[in-house]
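In: Show me the folded form of this:
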Amino acid sequence: MYTTKTFNIGELDGISRNNIEEHLKLYAGYVKHANLIQEKIKEYKKDENHAYALGEINRRFPFEYNGMRNHEVYFALLENGKIQPNTESVLYKKIESTWGSFENWLNEFKAIAMTRGIGWAMLYYDQINDSFLNCWVDEQHIGQLQNCKPIIALDMWEHAFVYDYATSQKKDYIEAFFRNLNWSVAEEKFATPHP
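Out: Okay, here's the model as predicted:
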């Protein structure tokens, strides 16, 4: 069984308490539905008459599961927020060496976040090639990169900002996210081995 995590998110600059509370409810829904699907899979596997339903529910599981896990990365980055990147950290230096400057990376990441549609902007670390990848993930499961560790996950579904910004103002939400980001969490994620 998956459990709903709690996050210590204080007052944020440009992201309201109401938006965070509503967003956390949505996250809890992903946890609930990931568990429900797992229970249904166990049930449907017992009877071959459920083969079609089993196939469909197995297709749905990655949507709920990745919705749960992506949100856990996102909310963790906002816990005890507003901690700027340490320019001496291994993460910062590796970003600089990959993109030529931290600003180059940030500009590329923000441009990806402006992709039309619903999904996530992600900074992944590929441990196999010891490299970073900026990526857009459709919805929350189409385009997730195999064996790559998410370092930064920015939710770009409208539910992430609709209480604070019109859809035409999502650029302002992106700026607010980075103002509130706890870079020490990203640095810890990068330093922790990925299974």
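In: Pull the number of nearby residues for Q169.
Out: By other CB atoms under 10 Å, 11 other residues sit near Q169. For glycine as for every other residue, the C-beta is placed from the backbone atoms N, C-alpha and C.
In: what pLDDT does it get?
Out: For Q169, the pLDDT comes out at 97.
In: which residues touch it?
Out: When contacts are counted by CB atoms under 8 Å, 6 or more residues apart in numbering, Q169 touches F161.
In: where are the low-confidence patches of this structure?
Out: Low-confidence segments of the chain (pLDDT under 70): 194-195.
In: Which parts of it are helices?
Out: For the chain, applying DSSP state H gives helices covering 17-44, 51-78, 90-99, 102-113, 170-180, 183-191.
In: Next, the angle helix 183-191 makes with the second one.
Out: Meaning helix 51-78. 130 degrees (axes from the mean of the first three to the mean of the last three CA atoms, to 10 degrees).
In: For helix 51-78, buried residues please.
Out: 54, 57, 61-78 (16 or more other CB atoms under 10 Å).
In: Let's have the helices of the chain in TSV, adding distance to N147.
Out: Shown next, in TSV, are the helices of the chain (distance: least, CB to CB, whole Å):
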stretch	distance to N147
helix 17-44	21
helix 51-78	14
helix 90-99	18
helix 102-113	20
helix 170-180	26
helix 183-191	15
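In: quick one: which of these is nearest Q146?
Out: Ranking those by proximity to Q146 (CB to CB) places helix 51-78 first, at 12.2 Å.
In: re the thing from before, and L145, which of the helices of the chain is closest to it?
Out: helix 51-78 (11.6 Å).
In: just checking, what packs against that closest one?
Out: With contacts defined as 3 or more CB pairs under 8 Å, 6 or more residues apart in numbering; DSSP states H and E, helix 51-78 has these neighbours: helix 17-44, strand 148-155, helix 183-191.
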